[in-house]
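1. Provided below for reference: sequence and predicted model.
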Amino acid sequence: MREFKIAEPRTVDELAALLAESQEAAAMMAGGTDLLDLLKSGVATAPLVVDLQKVAGLSGMTAGKDGLRIGATTRIVELAEDAAVARDYPSLKQAALSLATPQLRNVGTVGGNLCQRPRCWYYRDPQVVCRKKGGYNCYAFQGRNKYHGLFGGGSCFIVFPSDLAPALISLGAKATIGSVKGDKVVPLEQFYALPDVDVTRETILEKGQFLKDVRVPAPKAGQKAAYIKLKERGTWDFALVSAAVAGVVKDGVISEITVVMGGVAPVPWRLKKAEDLLRGKPVTEASVRQAADAALQDASPLRENGYKADLVRAALKEAALPLAA
Ligand SMILES: Cc1cc2nc3c(=O)[nH]c(=O)nc-3n(C[C@H](O)[C@H](O)[C@H](O)COP(=O)(O)OP(=O)(O)OC[C@H]3O[C@@H](n4cnc5c(N)ncnc54)[C@H](O)[C@@H]3O)c2cc1C
């Protein structure tokens, strides 16, 4: 493990100034459950680690008539146990409870979960210099790719591992990005960028920027939402495929719907074709199947991950059918 300095800013302004002044990109540490592994293995290096835990105003949640604000360093356990989240955003609670282990949810933060690095075994292997680490090849493309992506790959076939991201995006969440230049608010969906934009990162965060909070709008009248996670094992595990669906059904017909999949692409993946086919129709097994099949026409399975197409169909069915109930 290489040596690094550690800084402990106390305010958001101090944090922003520190990130702006540091010559090389500093590594931000929230709970450290992902970052420390990467620093120890040498996959990540940084001369300066900025501890976010003592920054006033970055943690905690507030729920009101405008919706829910979740500070970046809010612990995942707080989200999972919050009464307002359980009442107004049950799919977010499902996603929070589905992830990792109680110990990791006690230490890991919402911001860290949304900014975590991919679990690709080539990326995580310190001996392998893949495209994401500045090399020339994505070894998953012709190598072992059982856990890799169906959509949006091109130059790198990682999947984005967060459970919270698809659930939050399906609920219309926005991200606040902080920096010395002030705050910038973007839809959380646009917080993520495909490898074509910059293969070395998964978010649009530039040097000097940090995730400050996530805001979820108040639920619409009649809104229903679900998060379904399909895993290889019955115990803790990352999603092979997950589906977050949020929508409104009026007079038996879907009037609004958002479908976001996890585990299938380098970013949380919106199934817009499926949404278009489902909108204006009753929710039935047949309509959901047709919608999934249409969306899967854009999939490019690799040698070992074709099974994920069936999981997309199954996850979408389980997440969408409750809209009709
Ligand atoms: C055994 C194990 C099982 C897991 N299972 C799951 C799972 O099933 N589902 C799932 O979704 N996740 C899973 N995870 C990932 C886990 O959820 C993340 O490690 C955790 O959420 C990261 O939060 P943290 O606060 O510890 O982040 P850190 O480790 O501190 O940071 C993670 C990354 O985010 C960056 N970062 C942190 N905060 C900010 C910020 N505010 N602004 C900008 N960048 C920031 C850091 O620089 C770092 O790159 C698992 C992890 C482990 C170790």
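-> Looks like it arrived, so ask away.

2. Can you tell me the number of residues neighbouring Ala226?
-> If you count neighbours by other Cβ atoms under 10 Å, Ala226 ends up with 22. In this view, the C-beta of every residue, glycine as well, is placed from N, C-alpha and C.

3. again with Tyr307
-> Around Tyr307 there are 11 residues (other Cβ under 10 Å).

4. Let me see the contact set for Ile204.
-> 177, 186, 190-193, 197 (Cβ atoms under 8 Å, 6 or more residues apart in numbering).

5. From those, which land in strands?
-> 177, 186 (DSSP state E).

6. Now do the residue nearest to the spatial centre of the chain, the pLDDT please.
-> In the chain, the centroid-proximal residue (Cα atoms, centre = their mean) is Ala165; its distance is 3.0 Å. The model reports Ala165 with a pLDDT of 98.

7. With adjacent residues omitted, what lies nearest to it?
-> Distance criterion Cβ to Cβ, 6 or more residues apart in numbering; nearest residue to Ala165, sequence neighbours excluded, is Pro268 at 4.5 Å.

8. mind checking pLDDT for that neighbour?
-> So Pro268 comes in at 98 (pLDDT).

9. For the ligand, what's its nearest residue on the stretch 101-250 of the chain.
-> Nearest residue of the stretch 101-250 of the chain to the ligand (Cβ to the nearest ligand atom) works out as Gly112 at 2.1 Å.

10. ok so, going back, filter the contacts of Ile204 to the buried ones?
-> When the contacts of Ile204 are checked for burial by 16 or more other Cβ atoms under 10 Å, the buried set is 177, 191-193.

11. Now flag whichever of those residues is closest to Leu211.
-> Nearest to Leu211 among the buried ones among the contacts of Ile204 is Ile177, at 6.4 Å by Cβ to Cβ.

12. hang on, the earlier thing: would you turn the contacts of Ile204 into JSON lines with distance to the ligand?
-> Shown next, in JSON lines, are the contacts of Ile204 (distance: Cβ to the nearest ligand atom, whole Å):
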{"residue": "Ile177", "distance to the ligand": "8"}
{"residue": "Val186", "distance to the ligand": "13"}
{"residue": "Gln190", "distance to the ligand": "16"}
{"residue": "Phe191", "distance to the ligand": "10"}
{"residue": "Tyr192", "distance to the ligand": "13"}
{"residue": "Ala193", "distance to the ligand": "14"}
{"residue": "Val197", "distance to the ligand": "17"}
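
13. how about Pro195, what does it touch?
-> 131-132, 152-156, 158, 266.

14. how about the nearest residue to it, chain neighbours excluded?
-> Cys156 is the one closest to Pro195 (Cβ to Cβ, 6+ apart), at 4.0 Å.

15. In which helix or strand does the one you found reside?
-> Using DSSP states H and E, Cys156 falls within no helix or strand.

16. Please apply the same query to the one 10 residues further on.
-> Assigning secondary structure by DSSP H and E places Pro166 in helix 164-170.

17. for that helix, the distance to its chain's centre please.
-> With Cα atoms, centre = their mean, to the nearest Å as the basis, helix 164-170 stands 7 Å off its chain's centre.

18. what's around the closest residue in space to the residue of the stretch 101-250 of the chain closest to the ligand that isn't next to it in sequence, how many residues?
-> Closest residue to Gly112 apart from its sequence neighbours, by Cβ to Cβ, 6+ apart: Ala30 at 4.0 Å. Residues lying near Ala30 (other Cβ under 10 Å) number 29.
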